[in-house]
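Q: With the sequence up front, the predicted model follows.
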Amino acid sequence: MTEVVWVVVGFVLGAGVTLVVTLVRGRREGVATGQLQAEMQRAKEAELAVLVEQLKTVFSSLSREALSANTDDFLKLAKTRLEQQTVSGTEQLESRKKLIDVTLTVMDKKLGDLSLLTQNIDKERRESVGAIRTELTKAAETTTKLTETTSQLREALSHPQARGQWGERMAEDVLQLAGFVEGVNYEKQAREQSGGRPDFTFNLPSGLRLNMDVKFPLDNYLRAIEAEDASGSEPFRKAFLRDVRKQISDVTTREYIDTASGTVDCVVVFIPNERIYAYIHEHDRALLDDATRQKVVLCSPLTLYAVLTVVRQAVDNFRLGQTSNEILLLLGEFRKQWGKYGEVVDKVDRALKTMTGAFDELKTTRTRQLERQLDRIDDLQAGSGPALPGDVV
């Protein structure tokens with residue numbers, strides 16, 4: 001930088017000297033001002049060219065020196081930075097390595113847990129598949145047995161006597177479920193005074209009875225549901241509904257309702273299947289109302305259970321009422337005896353008080369009188385000379 005300054009200073013001094021010389025020469029020689037300016041311009045340009053070359057040479061030298069110095073500094077700086085970055089990179093790599101190790105450890109644990117979970121799921125799946133296979137086998141066996149039972153039931157229901165026995169069995173199952181006991185809560189085939197013989201007779205409070213018939217026509221119903229299409233089942237459906245209405249009319253003429261002999265003013269007709277009950281309600285909704293007006297109550301197994309529950313509750317309430325009356329009578333008798341007991345206790349109390357007064361008198365007054373006499377005897381003995389045999393001195 002110093003050399004560049006000196007070159008610039010020399011250039012300025014040279015240009016000034018040249019300008020002065022030129023001016024003096026111009027004045028002496030009388031050169032025109034225009035020519036003088038032209039020569040000065042050319043001299044300036046020549047000197048400028050020389051100065052530019054010198055500056056190029058100087059800047060080229062300076063650039064090489066600066067480049068050499070900067071290269072050394074850069075290499076030193078780069079080495080320092082590289083060492084710092086190497087140390088920092090090593091620390092970062094070590095830190096990342098530790099983090100990766102921790103992550104791998106966690107991943108190994110999670111993979112282990114996942115493997116164990118997969119094994120458990122696979123085990124449970126195999127067990128579930130086995131259980132499902134077993135249940136399917138049981139379901140298939142049950143379906144087969146159900147098919148056989150249905151076939152046997154269909155064959156059994158084809159005979160009127162078998163249908164009657166099936167209806168009685170269904171009714172007995174409902175009665176047992178409701179807690180009814182034969183001979184206590186109901187009777188089977190008990191003959192009425194009017195001559196009727198219902199299938200079941202329920203014993204009600206106050207000697208009342210409720211009769212139930214379990215015979216029900218099913219022939220046309222079976223034909224209706226076995227028909228291949230609606231047109232084929234329609235005649236059997238109508239015939240079945242006619243059979244039901246006829247059954248209701250027949251029940252009302254069998255003298256199952258005889259209020260004079262102790263029956264209630266209605267009779268129960270048991271339909272031994274919920275599907276048949278729903279079929280009647282679906283295809284002839286007025287039939288149930290007509291039966292009720294004729295004092296005939298149609299019951300399926302579920303509705304029969306509800307009716308029996310109401311009957312049993314009524315019986316229990318009646319018995320509770322009777323028991324309450326008996327309890328009231330017993331309470332009255334207890335109150336009477338309690339009064340007599342109180343009188344005797346008062347008499348004993350008075351006697352005890354009299355006895356206590358007599359005992360107190362015996363303990364105090366009589367005792368003192370006796371002791372006074374004994375004291376006088378003791379005084380007489382003490383003052384009458386020698387002691388008698390047996391006296392204490």
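A: Structure's in. What do you need? Predicted model, so just to flag it, every value in this text is computed and none were measured. Residues are numbered from 1 along each chain as shown.
Q: Surely residue 187 forms part of a helix?
A: No - secondary structure of residue 187 (DSSP: H, G, I helix; E, B strand; the rest coil): strand, not part of a helix.
Q: Quick one: residues contacting it.
A: 200, 201, 203 (C-beta atoms under 8 Å, 6 or more residues apart in numbering). Yep, even glycine has a C-beta here, placed from its N, CA and C like the rest.
Q: Which strand residues bridge it?
A: On the basis of DSSP bridges, residue 187 is bridged to residue 201.
Q: State the pLDDT value of it.
A: At residue 187, the predicted lDDT confidence score is 86.
Q: With residue 242 instead?
A: 90.
Q: With only the CA atoms kept, save stretch 110-120 in PDB.
A: This file holds the C-alpha atoms of stretch 110-120, laid out as PDB (Å, rounded to 0.1, in the frame of the first residue of the first chain):
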ATOM      1  CA  LYS A 110     -41.100 -52.500  21.900                       C
ATOM      2  CA  LEU A 111     -40.300 -55.200  19.300                       C
ATOM      3  CA  GLY A 112     -40.200 -57.700  22.000                       C
ATOM      4  CA  ASP A 113     -43.500 -56.600  23.500                       C
ATOM      5  CA  LEU A 114     -45.000 -56.500  20.000                       C
ATOM      6  CA  SER A 115     -43.700 -60.100  19.300                       C
ATOM      7  CA  LEU A 116     -45.200 -61.300  22.600                       C
ATOM      8  CA  LEU A 117     -48.400 -59.500  21.900                       C
ATOM      9  CA  THR A 118     -48.500 -61.000  18.400                       C
ATOM     10  CA  GLN A 119     -47.900 -64.500  19.900                       C
ATOM     11  CA  ASN A 120     -50.700 -63.900  22.400                       C
END
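Q: ok so, going back, out of the contacts of residue 187, who's nearest residue 258?
A: Nearest to residue 258, judged by C-beta to C-beta, of these is residue 201 at 11.6 Å.
Q: Wait, the closest one touches residue 209, no?
A: Yes - between residue 201 and residue 209 a contact is recorded at 5.3 Å, counting by C-beta atoms under 8 Å.
Q: Which of the contacts of residue 187 sits closest to residue 44?
A: Nearest to residue 44 among the contacts of residue 187, with distances taken as C-beta to C-beta, is residue 200, at 147.9 Å.
Q: quick one: contacts for the closest one?
A: Neighbouring residues of residue 200 by C-beta under 8 Å, 6+ apart: 171, 175, 186, 187, 188, 211, 212, 214.
Q: does the third one really touch residue 180, like I thought?
A: Think residue 186. Yes - Residue 186 is in contact with residue 180 according to C-beta under 8 Å; the separation is 5.5 Å.
Q: can you pull out the strands in the stretch 51-200 of the chain?
A: 186-188, 200-203 (DSSP state E, counting those that start in this stretch).
Q: Of the contacts of residue 187, which one scores lowest on pLDDT?
A: In terms of pLDDT, residue 203 ranks lowest among the contacts of residue 187, with 83.
Q: Just list the residues touching it, thanks.
A: Taking C-beta under 8 Å, 6+ apart, one finds 184, 185, 186, 187, 209 in contact with residue 203.
Q: How many neighbouring residues does residue 250 have?
A: Residues lying near residue 250 (other C-beta atoms under 10 Å) number 13.
Q: Repeat that for residue 348.
A: By other C-beta under 10 Å, 10 other residues sit near residue 348.
Q: what helices or strands is the helix or strand containing it leaning on?
A: Assigning secondary structure by DSSP states H and E places residue 348 in helix 301-361. Applying 3 or more C-beta pairs under 8 Å, 6 or more residues apart in numbering; DSSP states H and E, one finds that helix 301-361 contacts helix 160-177, strand 267-270, helix 274-283.
Q: Repeat the analysis, applying 6 Å as the threshold.
A: When contacts are defined as 3 or more C-beta pairs under 6 Å, 6 or more residues apart in numbering; DSSP states H and E, helix 301-361 sits against helix 160-177.
Q: same question for the helix it packs on, mean pLDDT?
A: For helix 160-177, the mean pLDDT works out to 77.
Q: contacts for that helix?
A: Contacts to helix 160-177, defined as C-beta atoms under 6 Å, 6 or more residues apart in numbering, come from residues 156, 157, 214, 215, 218, 270, 272, 301, 304, 305.
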